[in-house]
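> could you work out the structure for the sequence below:
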Amino acid sequence: MPNPKRRHSKSRSRKRRTHDALKRTGVVSCPNCRSTRLPHRVCPSCGFYGSRVVIDKAGI
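Sure, this is the predicted structure:
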């Protein structure tokens, strides 16, 4: 396998790594209880998904 003849400069390496940063996760508010949750998932505090109860939190 070929090896590099010279080392890459810092700017060249950093230009390549600009896309490696982690992106922030999208967070939405629950329409039922207004707590934050991940999109397209059941609300962990009230158990609603959309307009229906998926997990019954009242019995806990």
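> and Pro44, how far from Leu38?
Noted for Pro44: a distance of 9 Å to Leu38, by Cβ to Cβ, to the nearest Å. C-beta: built from backbone N, CA, C; applies to glycine.
> count the neighbours of Asn32 for me.
16 (other Cβ atoms under 10 Å).
> wait, isn't it in contact with Ser45?
No. Asn32 is beyond contact range of Ser45, at 9.1 Å (criterion: Cβ atoms under 8 Å).
> report pLDDT for Asn32.
Per-residue pLDDT puts Asn32 at 89.
> can you tell me, leaving aside adjacent residues, what's nearest to it?
Spatially, and ignoring its direct neighbours in sequence, Asn32 is nearest to Phe48 (4.4 Å; Cβ to Cβ, 6 or more residues apart in numbering).
> and Arg14, that's in a helix?
Yes. Counting by DSSP: H, G, I helix; E, B strand; the rest coil, Arg14 is part of a helix.
> next one: it, what pLDDT does it get?
Residue-level confidence at Arg14 comes out at 95, pLDDT.
> on the three-state scheme, the most centrally placed residue in the chain is what?
Nearest to the geometric centre of the chain sits Thr25, at 2.6 Å (Cα atoms, centre = their mean). Classification of Thr25 using three-state DSSP returns coil.
> now the residue nearest to it when sequence neighbours are not counted: how far from Thr18?
Among residues not flanking Thr25 along the chain, Leu38 sits closest, at 6.9 Å (Cβ to Cβ, 6+ apart). Per Cβ to Cβ, Leu38 is found 27 Å from Thr18.
> which one of those two is surrounded by more residues?
Between Leu38 and Thr18, Leu38 has the larger neighbour count (other Cβ under 10 Å), namely 12 against 7.
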